[in-house]
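>>> here's a sequence, model it:
(2 chains)
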Amino acid sequence: MQQIKVRELLKSKETGKEFMVKGWVRTRRGNKNINFIALNDGSIIHNIQVVAEVANFPEETLKLVNTGACIMVKGILVESPAAGQPVELQAKEIHVYGSAEPETYPLQKKGHSLEFLREIAHLRPRTNTFGAVLRIRHAMAFAVHQYFNDNGFYYIHAPIITGSDAEGAGAMFRVTTLDASKPPLKPDGTVDFAEDFFGKETNLTVSGQLEAELAALALSLVYTFGPTFRAENSNTPRHLAEFWMIEPEMAFFDINDNMDLAEDFVKYLVKYALDNCLDDLEFLNKMYDNELIDRLRQIVENKFIRLTYTEAITILKSSGQTWEFPVDWGTDLQSEHERYLVEKHFGKPVILTDYPKEIKAFYMKQNSDGKTVRAMDVLFPKIGEIIGGSQREENYDSLLSRIRELNIPEKDIWWYLETRKFGTAPHSGFGLGFERLILFVTGMANIRDVIPFPRTPKNAEF
RNA sequence: UCCUCCUUAGCUCAGUUGGUUAGAGCAUCUGACUGUUAAUCAGAGGGUCGCUAGUUCAAGUCUAGCAGGGGGAGCCA
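Okay, the predicted model is just below:
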């Protein structure tokens, strides 16, 4: 007899037929004569109700069928006489793969706080919430590849170990095989990285963008999707030390093409979730955020607002709000300013462009005004910046002079400069924080609850 | 890293101006119930009050330090 997933079984019309399911017990209840077992195998948020006539099973077997236990059930699928489920499985045979002692199993039938579940991240995938989040996370990863493949993009694997910190996106984690207690020293007393594994100082990547640019200037449309590492001491519900980032890079795209792509891409992903994960979204909508599904629909249906940094400053200055941080042309926007624009003033996602060059990265293309660059940030309600991108500076001389202005060591990125020397092309790209997308789509409030095993300052457990 | 709040039973929390034996709900265990839906009902067990030091006749309660966690800020995705 072939095993069937709960997801298929619940849809099955083949009542009267025998099936085998395997999964983990959520609850068992009942009386002397009959037991009801809610069984879940993670294939769907719903459980199959297994009905066991107590007389048909040895006492020891049913005693082990507690919350958390892993069991196999063979039984006849029947229409359920009671409300709550369309079908149920009339058990003929039950085998316990692994019991879960009720007194010590940490997950109970009742709800747990998300903070507590973070402490038992090895068991939290067994909860409804994390089942839903992890299935949605999978669906979003799949949809990312689907979208790009359908639109002629190629998936590039950017290196995870890097020898440069050219983007300056943040503090890095060093990668070394040197003995930390007695590293080889140079005559001046500093560590001699020439003796290290790669013969130079290396770190974990903070961005695959520069490598993606190299590939875009050959394959035209590319994207990366991989882990990214930032050693910043960030303790917020929106930051991780290890997270996943999606970075498309497109030759022959200007900043407007870039915005069009970003908007279309994000809407595709949200729509994909609504079309393919509605069971899980309905659960999250009910348990955590009553406006979740409405908010997702609004994203898909409405055009994003596009305005320049300069226009945003004007709106903020004339808003009549009192700010903790003053608004002035030339300073970066603070969270309170971004939130006002997205949540109060417009009430929908906003794409801000043309920031002052001083507050943006060296590789962004300068506008003819000499003051601003073709940057774009996509700001979302609740989570703030979900995408950061720009048109890239493709002119060799302009890029080089900006690199020199900022004292970026040329020897580290000679290869990046060479792409502008040989067959340069206008191009653009952006980075989408995958976990921030999942935060938005699931309605979860803390980024540690949308990745299976979060890495944050002082926490690398599991 | 800064600001702020929190830490009491397995979980979620209450605990008065410092006062004698620290409570509740859920979970667990025992019993009842012929179809339950986070089943219900009755009973029972369960505590180094985060750790350390101090103030006091007396500390869950006040003070300091440390640890862990939440929220806000910065950095950013």
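>>> taking chain A, what residue is nearest to RNA strand B?
A:Ala82 (2.5 Å; C-beta to the nearest atom of the strand). Glycine gets a C-beta too; all of them are placed from N, C-alpha and C.
>>> just the element for the closest residue to A:Met1 other than its chain neighbours, please.
Leaving out its chain neighbours, the residue that sits closest to A:Met1 by C-beta to C-beta, 6 or more residues apart in numbering is A:Met20, at 5.0 Å. Using DSSP states H and E, A:Met20 sits in strand A:18-30.
>>> check which helices and strands that strand sits against.
helix A:6-11, strand A:34-40, strand A:48-53, strand A:70-79, strand A:87-98 (3 or more C-beta pairs under 8 Å, 6 or more residues apart in numbering; DSSP states H and E).
>>> distance to RNA strand B, mean pLDDT and mean neighbour count added to the ones you listed, as JSON lines?
Converted to JSON lines, the helices and strands packed on strand A:18-30 look like this (distance: least, C-beta to the nearest atom of the strand, whole Å; pLDDT from 0 to 100; neighbours: other C-beta atoms under 10 Å):
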{"stretch": "helix A:6-11", "distance to RNA strand B": "13", "mean pLDDT": "94", "mean neighbour count": "16"}
{"stretch": "strand A:34-40", "distance to RNA strand B": "3", "mean pLDDT": "94", "mean neighbour count": "20"}
{"stretch": "strand A:48-53", "distance to RNA strand B": "5", "mean pLDDT": "94", "mean neighbour count": "20"}
{"stretch": "strand A:70-79", "distance to RNA strand B": "7", "mean pLDDT": "95", "mean neighbour count": "18"}
{"stretch": "strand A:87-98", "distance to RNA strand B": "5", "mean pLDDT": "94", "mean neighbour count": "17"}
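>>> thinking again about what came up before, and the residue nearest to A:Met1, how many residues sit next to it?
For A:Met20, the count of nearby residues is 16 (other C-beta atoms under 10 Å).
>>> count of residues packed around A:Glu291?
For A:Glu291, using other C-beta under 10 Å, the count is 11.
>>> need the contact list for it.
A:Asn285 (C-beta atoms under 8 Å, 6 or more residues apart in numbering).
>>> tell me if stretch A:274-290 is near RNA strand B.
No - Stretch A:274-290 lies out of reach of RNA strand B by C-beta under 7 Å from any atom of the strand, never closer than 9.3 Å.
>>> roughly how far out does that stretch sit from the chain middle?
With C-alpha atoms, centre = their mean, to the nearest Å as the basis, stretch A:274-290 stands 17 Å off its chain's centre.
>>> look at the residue sitting furthest away from the middle of chain A and give its secondary structure.
Distance from the C-alpha centroid of chain A peaks at A:Ala55, with 48.6 Å (C-alpha atoms, centre = their mean). Of the three states, A:Ala55 takes helix according to DSSP: H, G, I helix; E, B strand; the rest coil.
>>> tell me which residues touch it, please.
A:Asn33.
>>> SS state for the residue of chain A closest to RNA strand B?
coil.
>>> any idea how far A:Ile44 is from it?
Distance, A:Ala82 to A:Ile44, by C-beta to C-beta, to the nearest Å: 20 Å.
>>> higher neighbour count, the two?
The neighbour comparison of A:Ala82 against A:Ile44 (other C-beta under 10 Å) goes to A:Ile44, with 20 against 9.
>>> my guess is the more buried one meets A:Leu10, correct?
Yes - look at A:Ile44 against A:Leu10 with C-beta atoms under 8 Å: they come within range, at 6.8 Å.
>>> near A:Arg392, how many other residues are there?
Counted with other C-beta under 10 Å, A:Arg392 comes out at 30.
>>> again with A:Tyr288
A:Tyr288 - counted by other C-beta under 10 Å - has 16 other residues nearby.
>>> repeat for A:Phe434
22.
>>> how about the contacts made by it?
Contacts of A:Phe434 by C-beta under 8 Å, 6+ apart are A:140-141, A:144, A:225, A:243-246.
>>> out of these, which sit inside helices?
A:140-141, A:144 (DSSP state H).
>>> and the stretch 301-450 of chain A, which residues reach RNA strand B?
A:325, A:332, A:334-336, A:339, A:384-388, A:431-433, A:435-436, A:445-448.
>>> selecting buried members of these in ChimeraX, what would you type?
For the buried members of those, the matching ChimeraX selection, counting by 16 or more other C-beta atoms under 10 Å, is:
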select /A:339,384,385,386,387,388,431,432,433,435,436,445,447,448
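>>> so which of the residues of the stretch 301-450 of chain A next to RNA strand B are in helices?
Reading helices off these with DSSP H, I get A:335-336, A:339, A:435-436.
>>> pLDDT and distance to A:Ile359 added to these, as TSV?
Below are these laid out as TSV (pLDDT from 0 to 100; distance: C-beta to C-beta, whole Å):
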residue	pLDDT	distance to A:Ile359
A:Ser335	90	15
A:Glu336	92	17
A:Arg339	92	18
A:Glu435	96	24
A:Arg436	95	20
